[in-house]
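Novice: Make a model of this:
(chains A, B and C)
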Amino acid sequence: MIAETAGIDIPTQAALALCATLFALGWVALLLRRGLLFVLMALEIMLNSAGLAFIVAGARWQQADGQVLYILVLTLAAAEVAVGLALAMQLARHIRTLELPALNLLGRPNPFPSPAGGRGWPERPGEGAPQARAERAAHSGAASGAALSPAPLPQAGEGIGFERS
Amino acid sequence: MNGSPLLTAALILGGLVTVSALLIWAERRLLGLWQDRYGPNRAGLFGIGHVLADMIKIFMKDDWIPPFADRVVFTLAPAIVMAAGLLAFAVVPLSPQIHVAADWNIALLFFLAVSSLAVYSVLLGGWASNSKYALLGALRASAQTIAYEVFMGLALMGIVAQAGTFSLTGIVEAQRDLWFIVPQLLGFMIFLVAALAETHRAPLDLPEAEHELTAGFHTEYSGMKFGMFFVGEYAGVALASAMLTTLFFGGWLAPFGLPEAPLLWFALKTAFFIVCFIWLRAALPRPRYDQLMSFGWKVLLPLSLVNVAVTGAVILWRS
Amino acid sequence: MDLLFSTCAAIAVLATALAISRPDPVHALLNLIVSLLATAGVMFSLGAALAAALQVLVYAGAIMVLFVFVVMLLNAGPEARERERRLLRPRYWLLPSAMCAVLLAQLLYGMATPAVAPAAGIAVEAKAVGIRFYGPYLLAVELGSFLLLAGLVAAWRIGRMPERTA
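Specialist: Numbers count the residues shown, from 1 in each chain, chains lettered A, B, ... in the order given. Next up, the predicted model:
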């Protein structure tokens, strides 16, 4: 009844064009967006379009291999998302932002200490940093050349300032 | 299929919505019975007029959207639960003739796929409400649903292996000699718990546990939007009962060599499971949320894997 | 052209375009889910019913739920949304879009050149897929299970990392 609707009149080119369009849209998002979640979404779009291309090829040659490879792509996507989202959670916990440019500051302790009593993320990752570092340096007593010297590691219980709620 | 498929679909949908509305009354009466009180018994025969009265009331209520809510998503959420519940019924065979697509070769997968979409209503409803109780309920619901969905599917794979098909008509036909409840007892128990968790019914209604979360994800809902969540929940109960009947208790087949009456047998078996769902609610207390999650991942998931492995081994050994 | 295919394809492209241009992550995810469901429709119209069901079940029903879950858990405030909105001004997206348009044009040109026969008219059954899986692709299945196990362990470890490890 339903199984006969197997796309006898769908041109392969049209289906592949759809894959290419979705892939290109995913790529635009990958280039454009800077939030980690949006980047992960863009990767999902691209993976999905690749999987769809496998299906199209499988339908073209009437082979099951297309769907087999699609399922493998699916497992890849599942594993990727699990790890990616766990990393996103850690990013939010440690540097309190999901903006990827903020990761330029890898290795320095928390460049964006939270202002007292708020979840205020910095206006722009690049702008808030030096001032924050200066504040931290002044706070911990290393007054001279505060803005230039690498920030000292915070003592235990100080500096990270991310409230678990 | 007799008549046009559209007519069948319309009849099934109409019947389902009516049954879901009646279930609200049935549940209140039965809970009253089991708790030694009357329940709604004023309007009409046995109080059945309460259904009508409740519906009129809920339709007349002010359709209020909180000013802090995300309007579009807030409106969309209750529609999703209704749509998913009704859509899944497309693959339930009420009798050999009366169904929409039960003989489809991926009918069982379709059921799992559509019922997995129902979680979005809870998730989005809770998020769009923009209130902490609703959000907590939504977070609980999503974790619970993902966890229990996994082995809801796995528990059914034993049946698929035995019947050799995903088509629900085929699965019912495969039970002509022996209902699957006998060889797949473990699968049945796992599926029952998973179905309880999927429909957010007590005792596994942690997403809307009223003593901790006011009303959980639908705290901010009122009027017909709340009514849709409500009816959707009962449609989910009816769906779960119908699937239990179809998968484990021979669907429309007559038990013990009694005369064949497909639709009647199906309705009776389904009604039995619906009453069981209500009975469970009356009888069992709620577990803690962490108990629910660890029971799912650490007990039910290994058990369902064992079920799949043993079923496969037996099938291979016999052939 | 097949009605189901063209409708679903149009919805998929539209929803994806909306998904990548929403400043609010939840709205973007909603559009992405619609796009994935439409892609499932495309797969179904191509006769790959098993893949379509898995697309809804795994992609839309599990992976995206996880996504929404994390987005809600992190719940970025209005200022994060504002920052994303600022990124969506034309002077930011014009250049990437142009580059992608070039890529798309190349892909389409490459596809259009050889004349390909239309897609086959026979649906590929779930059984055939399963048999392929446990025959020639057994090694791939094992590798896939390794991958999933690694993903599970990594997510477990990373997700439970205490606030400061160094």
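
Novice: Please make it C-alpha for all contacts and neighbour counts, starting now.
Specialist: Noted.

Novice: Check the burial of B:Leu196 by counting its neighbours.
Specialist: Residues within reach of B:Leu196, counting by other CA atoms under 10 Å in any protein chain shown, total 22.

Novice: did I read that right, it in a helix?
Specialist: Yes - counting by DSSP: H, G, I helix; E, B strand; the rest coil, B:Leu196 is found in a helix.

Novice: Just confirm it contacts B:Leu204, I think it does.
Specialist: Yes - contact criterion CA atoms under 8 Å: B:Leu196 and B:Leu204 qualify, at 6.4 Å.

Novice: Now do the contacts for residue 32.
Specialist: Looking at chain A here, since you left the chain open. Residues near A:Leu32 by CA atoms under 8 Å, 6 or more residues apart in numbering or on different chains: C:Leu87, C:Tyr92, C:Trp93, C:Pro96.

Novice: Chain C, not that one
Specialist: A:Met41, A:Ile45, C:Ala15, C:Thr16, C:Ala19.

Novice: next one: B:Leu22
Specialist: B:Leu22 neighbours (CA under 8 Å, 6+ apart): B:Ile48, B:Val51.

Novice: which parts of the host helix or strand of it are buried?
Specialist: For B:Leu22, the host element (DSSP states H and E) is helix B:5-34. Judged by neighbour count (16 or more other CA atoms under 10 Å in any protein chain shown), helix B:5-34 contains these buried residues: B:8-9, B:12-13, B:16-17, B:19-27, B:29-32.

Novice: Next, please give the residue ranges for the helices of the chain.
Specialist: Going with chain A. A:12-32, A:36-61, A:65-94, A:125-139 (DSSP state H).

Novice: you looked at the wrong chain, it should be chain C
Specialist: Using DSSP H, helices in chain C cover C:3-19, C:25-45, C:49-54, C:64-74, C:78-87, C:90-112, C:126-133, C:138-159.

Novice: Between these, which one is closest to B:Val114.
Specialist: helix C:49-54 (9.0 Å; CA to CA).

Novice: what mean pLDDT would you report for that closest one?
Specialist: Helix C:49-54 carries an average pLDDT of 87.

Novice: in chain A, which ranges drop under the pLDDT threshold?
Specialist: Scanning chain A for pLDDT under 70 picks out A:1-9, A:96, A:104-165.

Novice: rerun that using 80 as the cut-off
Specialist: Scanning chain A for pLDDT under 80 picks out A:1-13, A:34, A:60-63, A:91-165.

Novice: Once you drop chain neighbours, what's closest to C:Lys51?
Specialist: No, residue C:51 isn't Lys; it's Ala. Distances taken as CA to CA, 6 or more residues apart in numbering or on different chains put A:Gln67 closest to C:Ala51, at 6.1 Å, once the chain neighbours are dropped.

Novice: Correct me if wrong: B:Ala194 contacts B:Leu154.
Specialist: No - when contacts are counted by CA under 8 Å, B:Ala194 is not listed as touching B:Leu154 (10.5 Å).

Novice: Which one's more surrounded, these two?
Specialist: B:Ala194 (26 against 22).

Novice: who's in contact with the more buried one?
Specialist: B:Tyr148, B:Glu149, B:Phe151, B:Met152.

Novice: which element is the second one on?
Specialist: Just to be clear, that refers to B:Glu149. helix B:132-163.

Novice: Show me which positions of that helix end up buried.
Specialist: If you call a residue buried by 16+ other CA under 10 Å, then helix B:132-163 has these buried ones: B:133-160, B:162-163.

Novice: The helix or strand bottoming out on mean pLDDT in chain C: which residues count as buried?
Specialist: Across the helices and strands of chain C, the lowest-confidence element by mean pLDDT, DSSP states H and E is helix C:78-87, at a mean of 71. Under the neighbour-count criterion of 16+ other CA under 10 Å, helix C:78-87 has C:Ala80, C:Arg81, C:Arg83, C:Glu84, C:Leu87 buried.

Novice: Where does the stretch 51-200 of chain B get nearest to chain A, residue-wise?
Specialist: B:Trp104 (6.8 Å; CA to the nearest CA).

Novice: Excluding chain neighbours, what is closest to that residue?
Specialist: B:Trp104's closest residue in space is B:Ser167 (CA to CA, 6+ apart), at 5.5 Å.

Novice: For that neighbour, give me its contacts.
Specialist: For B:Ser167, counting by CA under 8 Å, 6+ apart, the contacting residues are B:Ala102, B:Asp103, B:Trp104, B:Asn105, B:Ile106, B:Ala107, B:Leu108.

Novice: Up against chain A, what does chain B have?
Specialist: B:Trp104, B:Asn105 (CA under 8 Å from any CA of the partner chain).

Novice: Work out which residue lies at the spatial centre of chain B.
Specialist: B:Gly236 (3.0 Å; CA atoms, centre = their mean).

Novice: Repeat that for chain C.
Specialist: Central residue of chain C (CA atoms, centre = their mean): C:Leu36, at 6.1 Å.

Novice: tell me which element the residue of the stretch 51-200 of chain B found nearest chain C falls in.
Specialist: Nearest residue of the stretch 51-200 of chain B to chain C, counting by CA to the nearest CA: B:Ala113, 4.3 Å away. Using DSSP H and E, B:Ala113 maps to helix B:107-117.

Novice: between the helix or strand that that helix is followed by and helix C:25-45, how big is the angle?
Specialist: Per DSSP H and E, the first helix or strand lying C-terminal to helix B:107-117 is helix B:119-129. Here helix B:119-129 runs at an angle of 160 degrees relative to helix C:25-45 (axes from the mean of the first three to the mean of the last three CA atoms, to 10 degrees).
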